[in-house]
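Novice: Structure, please.
(chains A and B)
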Number of protein chains: 2
Amino acid sequence: MLELSGHTCFGGEQLRFQHRSRVLDCSMRFSVYLPPQAQAGEVPALLWLSGFTCSDENFVHKAGAQQFAAKHGIALVIPDTSPRGEQIHKGDEPTWHLGEGASFYLNATVEPWAANYQMASYICDELPGLIADLPVDNSCFGIAGHGMGGHGAIVLGLSYPQLFRSISAFAPICNPAKTPWGETAFRHYLGADKARWQHHDSCWLVANGACRTPLLVDQGSDDHFLEDELKPERLQAACAEAGHPLNYQLHPGYDHSYFFVASFIESHIAYHAGILT
Amino acid sequence: MLELSGHTCFGGEQLRFQHRSRVLDCSMRFSVYLPPQAQAGEVPALLWLSGFTCSDENFVHKAGAQQFAAKHGIALVIPDTSPRGEQIHKGDEPTWHLGEGASFYLNATVEPWAANYQMASYICDELPGLIADLPVDNSCFGIAGHGMGGHGAIVLGLSYPQLFRSISAFAPICNPAKTPWGETAFRHYLGADKARWQHHDSCWLVANGACRTPLLVDQGSDDHFLEDELKPERLQAACAEAGHPLNYQLHPGYDHSYFFVASFIESHIAYHAGILT
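Specialist: Model (predicted):
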């Protein structure tokens, strides 16, 4: 594993690594923020899953999360949003909500996607091992994300409860099995049989899963994707019916940008730190 | 003037504008952050000058300044770092420390630079008028900047004391008349006569100017440019000799990146707000 860069930041270290992923069969990059407390011993970590088109760098540069991670003494681990590279399948008609930068954080079962798009295994199996030499507790994490990454955080959080102790999301795609972007992606990655889609859908998991980890969700009211793609009202309904704990806040005027994420990241970091530390 | 974008951010508004500059004779963009307090009336503003290669967007996305501007009720006004466009002279051997993105915030006197590189007039004369319709006090400002923009903040701040009531800088180029980047730029923009350079040099202005506005300067000890180009020790010596108030802090481990700026921007915003409000 190669350390690409390191910067002192809020008394801690902002690091970026490159490595060959055995699960994804390609070269990958990810970022880690180590708070000042990591100089004295192991700290808990929050795993951040970014949204469509992002690499690991968007959150690192735009969210302003490091100051709160430093305050609360938790590390941030930020993987990329999909496998990368010339040899990676991108679909016959490349678009920003399918393929590169748009993995939906699942393990694809249909070729040619399945050869590389194994992001669930990458994040839950491979990534914890990659950070084993860092002063980070890699036995369990908090998980959070934005947009497609909010979907990933809820689905992986509810699917791997022994690995993820706390879950939060900004503007997540709540019901991808029944909204346009998700339907397109799931058809490509998982095939036409919709019965195979439901395990990758937050609403279905809340209604049918065993895991009861509470969900913290923030959403902007002026998010252009709110009505057609995100559908938080369906997650609210599913949680209400299943008795699944959900703290949902709709914020007037905010859109889908990182200006929204930055405005509320402090409360998410504090929430995860309160559970993890 | 065209509003290119607007995002709700920490309860205020992050705005971006495009306009035709009469002073620079080209199309320009700049950003403004209005804190929530601007909804109730006029607020004071801090003018931010970015460093080499930046547009107005780097500070907007990477510094995390909006939260502190919102807390203290001051606006942020962020111009670009030079004139822009195909027709703008970029030098015979374009480099990142001369020409586009590297104006040094002065008024060039040598053609072909002088036709467009009039950044001092753009910032001090034209920009205040451009924001006259916003709920911002455009009669006086705080001024701050980073690297080349730190140079610009100190030089313009000391040269236009009626316009700028407070001055601060991150890792400024302190003595451009006697360091390589500055010498190259001044030779191009101002000609070979070094007597014309000194009015654009912070050390000379401190030693010879009438203005006694205090300076707040933060510098990272691991900044790659510290030894050859920034020379804060010369500014310290000039301030000590002239009795010019300087609050200089050297921060171990920090480099020249926006991770350094983000780590200490809170104290700069609070400093300017304390004087302006």
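
Novice: Can you name the residues that contact the residue nearest to residue A:54 when sequence neighbours are not counted?
Specialist: Among residues not flanking residue A:54 along the chain, residue A:81 sits closest, at 5.4 Å (C-beta to C-beta, 6 or more residues apart in numbering or on different chains). Backbone N, C-alpha and C define where each C-beta goes, glycine included. Residues near residue A:81 by C-beta atoms under 8 Å, 6 or more residues apart in numbering or on different chains: A:49, A:50, A:51, A:52, A:53, A:54, A:55, A:101, A:102, A:103, A:148, A:149.

Novice: would you say residue A:81 is within a helix?
Specialist: No: if the criterion is DSSP: H, G, I helix; E, B strand; the rest coil, then residue A:81 is coil and not within a helix.

Novice: Just the pLDDT for it.
Specialist: We have a pLDDT of 98 for residue A:81.

Novice: go on, residue A:210?
Specialist: 85.

Novice: what secondary structure does it sit in?
Specialist: Judged by three-state DSSP, the three-state class of residue A:210 is coil.

Novice: Tell me, how many residues neighbour it?
Specialist: Using other C-beta atoms under 10 Å in any protein chain shown, residue A:210 has 7 neighbouring residues.

Novice: which of the residues in the longest helix seen in chain A are buried?
Specialist: Identified as the longest helix of chain A according to DSSP state H is helix A:258-276. Of all the residues in helix A:258-276, those buried under the rule 16 or more other C-beta atoms under 10 Å in any protein chain shown are A:258-266, A:268-269, A:271-273, A:276.

Novice: Which residues of the stretch 151-277 of chain A lie near chain B?
Specialist: A:220, A:222, A:251, A:253, A:254, A:255, A:257, A:258, A:259, A:260, A:262, A:263 (C-beta under 8 Å from any C-beta of the partner chain).

Novice: export the residues you listed to a markdown table and tack on pLDDT?
Specialist: A markdown table is the format used below for those (pLDDT from 0 to 100):
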| residue | pLDDT |
| --- | --- |
| A:220 | 98 |
| A:222 | 98 |
| A:251 | 98 |
| A:253 | 98 |
| A:254 | 98 |
| A:255 | 98 |
| A:257 | 98 |
| A:258 | 98 |
| A:259 | 98 |
| A:260 | 98 |
| A:262 | 98 |
| A:263 | 98 |
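
Novice: hmm, back to that, which ones among the contacts of residue A:81 lie within helices?
Specialist: Filtering the contacts of residue A:81 for helices - DSSP H - leaves A:148, A:149.

Novice: Quickly name whichever of the contacts of residue A:81 is closest to chain B.
Specialist: Distance ranking of those against chain B, using C-beta to the nearest C-beta, places residue A:54 first at 12.9 Å.

Novice: What residues does residue A:244 make contact with?
Specialist: So residue A:244 contacts A:206, A:212, A:214, A:215, A:238 (C-beta under 8 Å, 6+ apart).

Novice: Helix, strand, or coil at residue A:254?
Specialist: coil.

Novice: how about it, phi and psi?
Specialist: Phi and psi for residue A:254, reported as degrees, to the nearest 10, are phi -80, psi 150.

Novice: That one: neighbouring residues, count only.
Specialist: 24.

Novice: With adjacent residues omitted, what lies nearest to it?
Specialist: Nearest to residue A:254 is residue A:220, by C-beta to C-beta, 6+ apart, at 3.0 Å.

Novice: Tell me, how many residues neighbour that neighbour?
Specialist: 27.

Novice: Could you measure from residue A:203 over to residue A:19?
Specialist: Note on residue A:203: its distance to residue A:19, by C-beta to C-beta, to the nearest Å, is 34 Å.

Novice: neighbour-wise, which of these two wins?
Specialist: Neighbour count, other C-beta under 10 Å: between residue A:203 and residue A:19, residue A:203 has more, with 23 against 14.

Novice: Now do the strands in the stretch 1-150 of chain A.
Specialist: Taking DSSP state E, counting those that start in this stretch as the test, the strands found in the stretch 1-150 of chain A are A:2-9, A:12-21, A:26-34, A:45-49, A:75-78, A:141-146.

Novice: In the stretch 51-200 of chain A, which residue sits nearest chain B?
Specialist: residue A:64 (3.7 Å).

Novice: dump the residue contacts of the closest residue in space to that residue that isn't next to it in sequence.
Specialist: The shortest distance from residue A:64 to any non-neighbouring residue, by C-beta to C-beta, 6+ apart, is to residue B:64 (3.7 Å). Residue B:64 makes contacts with A:64, A:67, A:262, B:262, B:265, as judged by C-beta under 8 Å, 6+ apart.

Novice: for the stretch 151-277 of chain A, what spans make up the strands?
Specialist: Counting by DSSP E, counting those that start in this stretch, the strands of the stretch 151-277 of chain A are A:164-170, A:215-220, A:246-251.

Novice: Can you list the low-confidence ranges for chain A?
Specialist: Across chain A, nothing is flagged by pLDDT under 70.
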